[in-house]
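> sequence isn't available, so here's the structure alone:
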């Protein structure tokens, strides 16, 4: 029998500690507004639209942190099924392989197992969103000029978690009775990134091909970004 969501999505299975918004800040109020709209049952396409009078960078920052928390949680629920043995390569099926690159340990695109990739990804994102020079929390401190560029890179890599989960582990999500939650989170994420053109269309191909079109030829198309 499927587990209830309270059993599946519990704090013990969270992949990383949740990033929280400080009460009393403008971003916390914006987060509450976004969550209220989401829970009201409104169309997800309408929920992601920028509210009148709000700053787009604040809106993107609030959603990015929330998506980071949610996707963190989704991966945490099935991380026991994603191991070095089951997923020796971070991929999205037979055609798409994701190699890790950063400015520190891996300066060249490097093949990693899915669990290794996920750990590197979550650590990297956590470092960025805790960086006051990129995600300022103080009133009156502006976002950097390259803020949306940084967010595009983060959201692109977060999308790859959905790709891996859907293609390689969705049977485990179904067995836990969590597919409705994951599907809703994915739709919310998809509508948001497409509303503001934050992820290149080429990055969306793995799920488009898998969920809508016949599976492509058996060869890798590595992504290094």
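Received, thanks. Quantities reported herein were computed from a predicted structural model and do not represent experimental measurements.

> ok, and the closest non-adjacent residue to the most centrally placed residue in the chain?
Central residue check for the chain by C-alpha atoms, centre = their mean: the C-alpha nearest the mean position is that of residue 158, 3.3 Å away. On the basis of C-beta to C-beta, 6 or more residues apart in numbering, the spatially nearest residue to residue 158 that is not a chain neighbour turns out to be residue 71, at 5.4 Å. The way it works is simple: take the backbone N, C-alpha and C, and place the C-beta from them, glycine included.

> returning to what we had before: isn't the residue nearest to the centre of the chain up against residue 69?
No - counting by C-beta atoms under 8 Å, residue 69 is not a contact partner of residue 158; they are 10.9 Å apart.

> near residue 116, how many residues? Count them for me, please.
16 (other C-beta atoms under 10 Å).

> list the contacts for it?
Applying C-beta atoms under 8 Å, 6 or more residues apart in numbering, one finds that residue 116 lies in contact with 84, 90, 100.

> sticking with the first one, tell me its helix or strand.
Secondary-structure assignment from DSSP states H and E places residue 84 in no helical or strand segment.

> hang on, the earlier thing: how close does the residue nearest to residue 158 sit to residue 144?
24 Å (C-beta to C-beta, to the nearest Å).

> just to revisit the earlier point, closest one of the contacts of residue 116 to residue 129?
Of all the contacts of residue 116, the one sitting nearest residue 129 is residue 100; the distance, using C-beta to C-beta, is 18.5 Å.

> tell me the pLDDT of the closest one.
According to the predicted model, the pLDDT of residue 100 comes to 97.

> can you check residue 38 too?
Looking at residue 38, its pLDDT is 53.

> how about the one 4 residues further on?
Reading off the per-residue confidence, residue 42 sits at a pLDDT of 63.

> same check on residue 104?
Looking at residue 104, its pLDDT stands at 84.

> and it, which of the three is it?
Here residue 104 takes the coil state, with states given by DSSP: H, G, I helix; E, B strand; the rest coil.

> can you pull out the strands in this protein?
91-92, 96-98, 221-223 (DSSP state E).

> and the closest residue to residue 160 other than its chain neighbours, how many neighbours?
Excluding the flanking residues, the one nearest residue 160 by C-beta to C-beta, 6+ apart is residue 98, at 5.3 Å. Residues within reach of residue 98, counting by other C-beta under 10 Å, total 26.

> mind giving me the PyMOL select for the contacts of residue 116, buried ones only?
The buried residues among those can be selected in PyMOL (16 or more other C-beta atoms under 10 Å) with this line:
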select buried, resi 90+100
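
> can you list the contacts of residue 116 in CSV and add distance to residue 125?
Output for the contacts of residue 116, formatted as CSV (distance: C-beta to C-beta, whole Å):
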residue, distance to residue 125
84, 22
90, 15
100, 13
